[in-house]
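> Got a predicted structure plus its sequence, pasted below:
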Amino acid sequence: MTCVLIGGVAGLKTGCYTACYDFSRRREGRVQTTIQENLLRVREQIADAAHRARRKPEEITLIGVSKTHPAEAIQEAFDAGLRHFGENRVQEWEGKRSEVASLAATWHLIGHLQSNKAARAAHLFHTIDSVDDFALAQRLDRACAELPAGQRLRVLIEVHLGGEETKTGVSEPGLPELAEKVVGLSRLELGGLMCIPPFLEDPEQVRPYFSRLRELRDQLEGRLGQRLPVLSMGMSHDFEVAILEGASEVRIGTALFGARAAMR
């Protein structure tokens with residue numbers, strides 16, 4: 001049985017408590033919030049934000065960030081109706097993949113990918129959402145030569161916004177050149193852009209970063225002459241403003257699964 005600390009869902013004033021993945025609903029005389037309940041609440045928030053943005057909720061893909069959480073949590077979320085999951089590390093995903101390999105889900109790599117792990121990642125994930133240089137894109141393209149004929153790997157380009165030294169991604173000036181090179185790789189399908197802006201307590205202070213990513217995407221579409229429909233931006237504390245700024249995919253971890261479990 002695996003235990004993690006779960007905090008309040010974004011936008012709700014709730015306390016923290018410990019939840020165990022033994023799927024029990026009560027502990028010490030009080031009802032536990034389940035992943036299913038969290039998923040329902042997050043979907044309601046997505047629908048509300050979409051309505052405010054005059055968009056349809058089905059336009060927004062919810063990616064459950066399952067990194068550091070056990071396979072049991074993924075199974076529970078899948079049983080509740082979640083179909084997209086995001087992992088950060090190739091090695092961690094390899095360690096729990098066998099337990100959920102039969103699920104008809106889409107697996108996203110959302111963390112930084114080292115070039116020497118590109119071949120493994122291309123066979124383990126349906127989409128690589130964090131491409132940040134051409135050498136990595138080339139390695140992914142070569143690895144896809146072993147996939148069935150005609151099958152392409154979707155990729156997103158991660159853009160470095162905010163200037164934080166600890167964050168990865170291509171710089172704004174380097175984005176157009178990288179995008180032009182990636183679309184020239186026949187086995188990759190460039191779907192759009194991703195960003196991880198600075199963490200700020202007030203979501204409205206994060207909003208300009210989301211707006212900027214949308215602007216960069218729109219500029220690229222004109223430059224490349226093709227649609228880039230995906231904007232992957234927004235996490236548990238700021239996904240609602242990301243939706244208001246055009247997010248098509250939001251990456252939700254804490255609000256669904258609780259705080260990250262400690263890495264072993």
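Noted; the coordinates are in hand.

> what sits against the nearest residue in space to His112 that is not next to it in sequence?
For His112, ignoring the flanking residues on the chain, the nearest one in space by C-beta to C-beta, 6 or more residues apart in numbering is Thr168 at 4.6 Å. From N, CA and C alone the C-beta is placed, and that goes for glycine too. Residues near Thr168 by C-beta atoms under 8 Å, 6 or more residues apart in numbering: 112, 130, 132, 158, 160.

> Compare those and tell me which is most surrounded.
Using other C-beta atoms under 10 Å as the neighbour criterion, Glu158 leads the contacts of Thr168 with 26 neighbours.

> Can you report how many residues lie near the closest residue to Pro203 other than its chain neighbours?
Once flanking residues are discounted, Pro203 sits nearest to Asp238: 4.0 Å by C-beta to C-beta, 6+ apart. Using other C-beta under 10 Å, Asp238 has 25 neighbouring residues.

> Please tell me how far Asp238 sits from Arg55.
17 Å (C-beta to C-beta, to the nearest Å).

> How about Ser248?
Noted for Ser248: a distance of 9 Å to Arg55, by C-beta to C-beta.

> Could you do Glu92 as well?
As for Glu92, its distance to Arg55 is 33 Å (criterion: C-beta to C-beta).

> who touches Asp132 in this structure?
Taking C-beta under 8 Å, 6+ apart, we find Asp132 in contact with 112, 157-158, 160, 168-170, 178.

> Could you work out the most separated pair of those?
Greatest spatial distance among the contacts of Asp132 (C-beta to C-beta): His112 and Leu178, at 15.2 Å.

> for the contacts of Thr168, which one is nearest Ile252?
Ranked by distance to Ile252 (C-beta to C-beta), the contacts of Thr168 are led by Ser130 at 16.9 Å.

> what's the closest one sitting at in phi/psi?
phi -140, psi 40 (degrees, to the nearest 10).

> Spit out the contact partners of Glu164.
When contacts are counted by C-beta under 8 Å, 6+ apart, Glu164 touches Pro198.

> Let me know the secondary structure of it.
coil (DSSP: H, G, I helix; E, B strand; the rest coil).

> confidence score at the nearest residue to Leu244 once chain neighbours are set aside?
Among residues not flanking Leu244 along the chain, Ala53 sits closest, at 4.9 Å (C-beta to C-beta, 6+ apart). With respect to pLDDT, Ala53 scores 97.

> residues contacting Ala53?
Counted by C-beta under 8 Å, 6+ apart, Ala53 has contacts 243-244, 246.

> Equivalent analysis for His51, please.
By C-beta under 8 Å, 6+ apart, the contact set of His51 is Pro57.

> Can I get the host helix or strand of it in CSV? Just the C-alpha atoms.
Using DSSP states H and E, His51 falls within helix 35-52. Output in CSV follows, covering the C-alpha atoms of helix 35-52 (Å, rounded to 0.1, in the frame of the first residue of the first chain):
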residue,chain,number,x,y,z
ILE,A,35,-9.0,10.4,-7.5
GLN,A,36,-12.4,9.9,-9.1
GLU,A,37,-13.8,12.8,-7.1
ASN,A,38,-10.8,15.0,-7.8
LEU,A,39,-11.1,14.2,-11.5
LEU,A,40,-14.8,15.2,-11.5
ARG,A,41,-13.9,18.5,-9.7
VAL,A,42,-11.1,19.3,-12.2
ARG,A,43,-13.3,18.6,-15.1
GLU,A,44,-16.0,21.0,-13.7
GLN,A,45,-13.3,23.7,-13.4
ILE,A,46,-12.2,23.1,-17.0
ALA,A,47,-15.7,23.3,-18.2
ASP,A,48,-16.2,26.6,-16.3
ALA,A,49,-13.1,28.1,-17.7
ALA,A,50,-13.9,27.0,-21.2
HIS,A,51,-17.4,28.6,-20.8
ARG,A,52,-15.8,31.8,-19.7
